[in-house]
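K.L.:
Dropping a prediction and its sequence here:
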Amino acid sequence: MMRFVSTRGGAEPVSLSGALLQGIAPDGGLYVPAEWPSFPSRAPAGDLPKLAATLLADFFAGDELAPQLESITTAAFTFPAPLVNVKNSEARTLELFHGPTAAFKDFGARFLAACMARVQRSNAKPLHILVATSGDTGGAVAAAVHRQPGIRVTVLFPQGMISPAQEHQLTCWGDNVRALAVHGVFDDCQRLVKGAFADTALNERFQLSSANSINIARLLPQMVYFAASSLAVWNEQGEPSSFVIPSGNLGHATACVWARRLGLPIDQIVIAHNANRTMPDFLATGEWRPSATIATLANAMDVGDPSNAERLRHLYPNIAGLRRALTAYAIDDDAIRARIQAGWRDHGAIWCPHTAAAAEALARHTQNGAGGNWIIVATAHPAKFREIVEPLIDAPIETPPALAALPPAQPADQIDPRLDALRAAII
């Protein structure tokens with residue numbers, strides 16, 4: 001049986017279902033695999049649901065959800081993650097925005113919802129999922145769990161710090177989904193969610209869980225498209241792939257690192273941060289200094305204290321090992337704007353600010369002579385940021401059908417960034 005342990009070492013090992021339902025370990029740490037399986041050599045590279053079932057089988061081993069793994073992956077992976085050549089470039093993009101909310105987090109959110117709908121809960125307390133979002137996570141989770149019986153969701157987002165399209169995706173659902181606008185930044189939202197897990201009154205009333213990337217069931221499915229794309233390149237060229245990934249809370253980067261740890265043909269991993277440069281500075285100095293969040297064009301990456309750094313530091317406790325595993329760049333708003341314009345002018349590509357940050361990081365990295373089969377991870381459809389992108393490229397962006405079909409938005413309730421305010425809003 002696969003067991004999962006806390007990054008802080010002060011909690012008993014649990015099953016996958018236990019880690020899924022708890023979200024955060026009792027000692028405040030994040031769950032990680034107690035041991036690492038090896039990737040099976042014969043895997044179906046082109047079919048995401050089948051590849052997911054093969055890749056994740058060892059993580060589900062011995063758990064109550066193991067017999068339902070194939071039904072879970074079939075329910076979650078219902079849209080593609082195509083590799084697309086970039087015109088006038090040797091790089092490709094991995095398009096992860098073809099799901100119902102046009103962002104990569106649809107994969108993890110739908111997988112988590114499928115698991116939550118099937119896991120057996122041992123008590124009669126209602127399941128209440130708490131989500132802190134800097135832009136895209138909340139919309140993906142809301143869409144995935146809307147009207148799922150037996151599950152309530154509260155999404156916390158920083159008021160005035162996400163795009164209109166993102167806020168629409170948080171506030172249009174109703175029923176079992178509620179959005180709260182927090183008078184603060186994403187780190188305040190994340191702090192409230194973590195505080196709720198330690199709150200006696202809330203835990204007496206609800207069975208709390210999280211749908212942020214602090215929940216391991218968000219990261220496991222995100223390994224799948226890194227596996228699929230790297231296997232596609234390997235089968236075509238016999239060489240590994242290298243990825244450049246927009247990064248905020250470091251969940252996406254962690255999923256790619258984990259995929260490489262399993263033995264997938266992945267070489268270099270470059271992470272692109274915006275002006276919130278806690279991780280790039282940590283790799284440069286060896287000192288972990290979380291900072292106040294800075295609002296940027298790439299708002300889903302506006303994280304000053306990224307939680308999943310704890311998982312990366314658990315896997316690589318020595319800074320030298322982490323430096324070998326990752327390279328990080330901090331990309332400011334001016335560089336993001338310039339890269340959006342260059343992407344349209346030079347490649348005919350329309351990139352959201354996050355994808356543009358990754359493209360800029362790749363340009364800087366390869367200036368230093370770093371070769372490889374590079375894949376830019378395109379995390380969101382540019383239509384979610386048309387207010388930023390359209391003036392820069394002087395061209396309209398077509399709205400994808402999924403965004404056009406959203407119900408009308410409703411005003412969100414507002415709270416101060418205090419645990420007692422969150423408690424009152426939930427109860």
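P.N.:
Here it is on my side, so go on. No experiment lies behind these values; they were computed from the predicted model shown.
K.L.:
residue contacts, the nearest residue to Ala349 once chain neighbours are set aside?
P.N.:
In this structure, Ala349 finds its nearest non-sequential neighbour in Gly343, 4.4 Å apart by CB to CB, 6 or more residues apart in numbering. C-beta coordinates here come from the backbone N, C-alpha and C atoms, glycine included. Contacts for Gly343 (CB atoms under 8 Å, 6 or more residues apart in numbering) come out as Ala349, Ile350, Trp351, Ala356, Ala359.
K.L.:
All the helices of the stretch 201-350 of the chain, in order from the start?
P.N.:
With DSSP state H, counting those that start in this stretch applied, the stretch 201-350 of the chain shows helices at 216-237, 251-262, 278-285, 309-315, 319-325, 333-347, listed in chain order.
K.L.:
just to revisit the earlier point, show the model's pLDDT score for the residue nearest to Ala349.
P.N.:
As predicted, Gly343 sits at a pLDDT of 97.
K.L.:
What of Gln207?
P.N.:
According to the model's per-residue confidence, Gln207 sits at a pLDDT of 85.
K.L.:
measure it to Leu69 for me?
P.N.:
23 Å (CB to CB, to the nearest Å).
K.L.:
Look at those two and report which has more neighbours.
P.N.:
Residue environment comparison for Gln207 versus Leu69 gives the larger neighbour count to Leu69, 21 against 16, counting by other CB atoms under 10 Å.
K.L.:
angle of the helix or strand hosting the more buried one against helix 216-237?
P.N.:
In the assignment (DSSP states H and E), Leu69 maps to helix 69-76. Between helix 69-76 and helix 216-237, the angle formed by their directions is 80 degrees, by axes from the mean of the first three to the mean of the last three CA atoms, to 10 degrees.
K.L.:
Can you list the helices and strands that helix 69-76 packs against?
P.N.:
With contacts defined as 3 or more CB pairs under 8 Å, 6 or more residues apart in numbering; DSSP states H and E, helix 69-76 has these neighbours: helix 48-60, helix 105-118.
K.L.:
quick one: which of these is nearest Gly263?
P.N.:
helix 48-60 (10.6 Å; CB to CB).
K.L.:
buried stuff in the closest one?
P.N.:
Of the residues in helix 48-60, those buried under the neighbour-count criterion (16 or more other CB atoms under 10 Å) are Leu48, Pro49, Lys50, Leu51, Ala52, Ala53, Thr54, Leu55, Leu56, Asp58, Phe59, Phe60.
K.L.:
before we move on, back to that, just the buried residues of the helix holding Leu69, please?
P.N.:
Using 16+ other CB under 10 Å as the test for burial, helix 69-76 gives Leu69, Ile72, Thr73, Ala75, Ala76.
K.L.:
Stretch 183-199 too?
P.N.:
184-194, 196-197, 199.
K.L.:
just to revisit the earlier point, which two of the contacts of Gly343 have the greatest separation?
P.N.:
Maximum pairwise distance among those (CB to CB): 11.6 Å, between Ile350 and Ala359.
K.L.:
what about those two, which has more around it?
P.N.:
The neighbour count for Ile350 versus Ala359, taken as other CB under 10 Å, is higher for Ala359 (28 against 21).
K.L.:
Of the helices and strands packed on helix 69-76, which shows the lowest average pLDDT?
P.N.:
Ranked by mean pLDDT, the helices and strands packed on helix 69-76 bottom out at helix 105-118, which scores a mean of 92.
K.L.:
distance between that helix and the chain's centre?
P.N.:
Taking CA atoms, centre = their mean, to the nearest Å, the mean C-alpha location of helix 105-118 is offset from the chain mean by 12 Å.
K.L.:
Only alpha carbons, please: show that helix as CSV.
P.N.:
Once side chains and other backbone atoms are set aside, the C-alpha atoms of helix 105-118 remain, and they are given as CSV (Å, rounded to 0.1, in the frame of the first residue of the first chain):
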residue,chain,number,x,y,z
LYS,A,105,-6.0,23.9,-13.4
ASP,A,106,-9.0,22.2,-15.0
PHE,A,107,-7.0,19.0,-15.1
GLY,A,108,-6.3,18.9,-11.3
ALA,A,109,-9.6,20.3,-10.3
ARG,A,110,-11.7,17.7,-12.2
PHE,A,111,-9.5,14.9,-11.0
LEU,A,112,-9.8,16.0,-7.4
ALA,A,113,-13.6,16.4,-7.8
ALA,A,114,-13.9,12.9,-9.3
CYS,A,115,-11.9,11.5,-6.3
MET,A,116,-14.0,13.5,-3.8
ALA,A,117,-17.2,12.2,-5.3
ARG,A,118,-16.1,8.6,-4.9
